[in-house]
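[1] no sequence on hand, only this structure:
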């Protein structure tokens with residue numbers, strides 16, 4: 001259950017990163033509000049998960065999901081450049097996240 005919270009928190013991290021971009025430096029109201037909601041949700045779920053998980057693997061998985069998700073979203077919907085190196089690198093991040101998740105121990 002704790003790892004499911006980390007995954008959900010990582011997906012919400014993607015949401016807050018994208019909304020941060022869309023907020024245009026906190027000058028657009030709705031993306032700024034969405035950023036705040038996604039950030040609170042992400043940190044809240046991560047906080048709950050850390051009651052049961054080691055901080056190192058959990059934090060790495062959370063940031064990995066957020067980074068990979070944000071990069072993919074940017075390429076699909078925000079016009080970010082797609083390259084083979086980016087796709088390979090995102091794949092490596094995802095493989096690393098899976099490895100860290102498998103290595104993480106619950107208390």
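    Thanks, I have the structure now. Computed from a predicted model, the values in this text were never measured in an experiment.
[2] what about residue 27, how many residues close to it?
    8 (other Cβ atoms under 10 Å). To be clear about C-beta, it is placed using only N, CA and C from the backbone, and glycine gets the same treatment.
[3] again, but for residue 65
    There are 23 residues near residue 65, going by other Cβ under 10 Å.
[4] that one is in contact with residue 10, isn't it?
    Yes. Counting by Cβ atoms under 8 Å, residue 10 is a contact partner of residue 65 at 2.7 Å.
[5] can you pull the buried residues of the lowest-mean-pLDDT helix or strand in the chain?
    Within the chain, no helix or strand scores below helix 84-103, which has a mean of 91 by mean pLDDT, DSSP states H and E. Neighbour-count burial for helix 84-103, counted by 16 or more other Cβ atoms under 10 Å, picks out 90, 93, 94, 97, 100, 101.
[6] what lies in contact with it?
    3, 6, 57, 60, 61, 64, 65, 67, 68, 71, 72, 75 (Cβ atoms under 8 Å, 6 or more residues apart in numbering).
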